[in-house]
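[1] I would like the atomic coordinates for the input below:
(chains A and B)
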Protein chains: 2
Amino acid sequence: MDLFDAICLRHSYRGPMETTPVPREDLDRIVGAGIRAPSGKNAQTTEFIIIDDNSLLQELQALHPANKAMQQAPAMIACIIDKTPEKIYEGYDFQLEDCAAATENMLLAITALGYASVWIDGWLRVGNRADKVAALLHLPDDKKVQILLPVGTPKEQWEQKERQPFSTRVTYNRYS
Amino acid sequence: MDLFDAICLRHSYRGPMETTPVPREDLDRIVGAGIRAPSGKNAQTTEFIIIDDNSLLQELQALHPANKAMQQAPAMIACIIDKTPEKIYEGYDFQLEDCAAATENMLLAITALGYASVWIDGWLRVGNRADKVAALLHLPDDKKVQILLPVGTPKEQWEQKERQPFSTRVTYNRYS
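    As a prediction, this is how the structure comes out:
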């Protein structure tokens, strides 16, 4: 799929999904796209857990009854970063940005391969949910789940939400 | 350009650039790709300043003598977020992740259109450089430059840096 088409078609999908499994070949290709995202000082900090085991999926699905995509997805991808990232440049780390860039690459790859997903992040931060997911995935104590992506074939046709007009977010040469 | 080709060809380019200007049509298309990135609660928090004024470019270029792409780029894109982001979900904000996702879309668009760039971020955090850039762009006090992207036609052929092997960053179903 053309890059600009993928960027326009990508959307946050929270609807029902087909039960058809996502082949591991496709999951590897999606995460392979994530791996190729840039990272601060090329530190490649994000790690990925691909979840396609049915009993594990059921335990994860039970945590989010409001989100049909997460309830019904035949696969998920968890993005893992350090709880206390090492400062790798003048007192700064870039793990959150690294992880976000990798996630955007994966969302575009998911779109191009005909699947749908939604960036689950804030939801993990509340009610110790990230810790519950971490326990299910056997994460060591120093790692956390930053982002979770359900992946599957959407049953409904959704579109990207409307954007504010270009001119309200973009200026030339000076802020206004 | 095919999405997966763009993902594989994108790289951090710090080399010399042609002086040929980047047409505003292309700059708008690149930033249009950034605008279409997802954002937490669809808050669309990142703002963009496209810099193609020669005298302003010269002032920015003088700040970074080590980076040829930034020294010679005929255009730049600054990504602007709030210094103190409003907490929009259960005490959390997502401006850094929003900005990173928009940047990744723009880097892919830059690649697909035949230009090159590099994600400048940590460099801005040191020696009050972000403040100096903010002053040149007339940013209000509550906004900051998070990321700067030089944009131009590369004079040299570079490639994406090697990645760690897939199996060192990816597992199925459990961390290991």
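
[2] Next, the contact list for the residue nearest to A:K132 when sequence neighbours are not counted, please.
    Leaving aside its sequence neighbours, A:K132 sits nearest to A:L63 (C-beta to C-beta, 6 or more residues apart in numbering or on different chains; 6.3 Å). In this view, the C-beta of every residue, glycine as well, is placed from N, C-alpha and C. Residues near A:L63 by C-beta atoms under 8 Å, 6 or more residues apart in numbering or on different chains: A:R129, A:K132, A:V133.

[3] again, but for A:C79
    Residues near A:C79 by C-beta under 8 Å, 6+ apart: A:G34, A:T46, A:E47, A:F48, A:C99, A:A102, A:T103, A:V145, A:Q146, A:I147, A:L148, A:L149.

[4] let's see it at 6 Å
    Neighbour list for A:C79: A:T46, A:C99, A:Q146, A:I147 [criterion: C-beta atoms under 6 Å, 6 or more residues apart in numbering or on different chains].

[5] same deal with A:M70?
    With contacts defined as C-beta under 6 Å, 6+ apart, A:M70 is in contact with A:H64, A:P150.

[6] again, only using 8 Å
    With contact set as C-beta under 8 Å, 6+ apart, A:M70 has these partners: A:R14, A:L60, A:Q61, A:H64, A:M76, A:V118, A:I120, A:L148, A:P150.

[7] Could you do A:K155 as well?
    Listed by C-beta under 8 Å, 6+ apart, the contact set of A:K155 reads A:G15, A:P16, A:M17, A:E18.

[8] how many other residues sit next to A:R169?
    If you count neighbours by other C-beta atoms under 10 Å in any protein chain shown, A:R169 ends up with 18.

[9] Then A:D26?
    Other residues lying near A:D26 total 17 when counted by other C-beta under 10 Å.

[10] got it, and A:R29?
    When neighbours are defined as other C-beta under 10 Å, A:R29 has 16 of them.

[11] filter the contacts of A:K155 to the buried ones?
    Among these, those buried by neighbour count (16 or more other C-beta atoms under 10 Å in any protein chain shown) are A:M17.

[12] Can you tell me which of the contacts of A:K155 is nearest chain B?
    Of all these, chain B sits closest to A:G15, with 16.0 Å by C-beta to the nearest C-beta.

[13] That closest one: which element?
    Following DSSP states H and E, there is no helix or strand that holds A:G15.

[14] I'd like the distance between it and B:M17.
    Counting by C-beta to C-beta, to the nearest Å, the gap from A:G15 to B:M17 is 44 Å.

[15] With A:E18 instead?
    Distance, A:E18 to B:M17, by C-beta to C-beta: 47 Å.

[16] quick one on the thing from earlier: now, among the contacts of A:M70, which is nearest to chain B?
    Nearest member of these to chain B, counting by C-beta to the nearest C-beta, is A:V118, at 8.4 Å.
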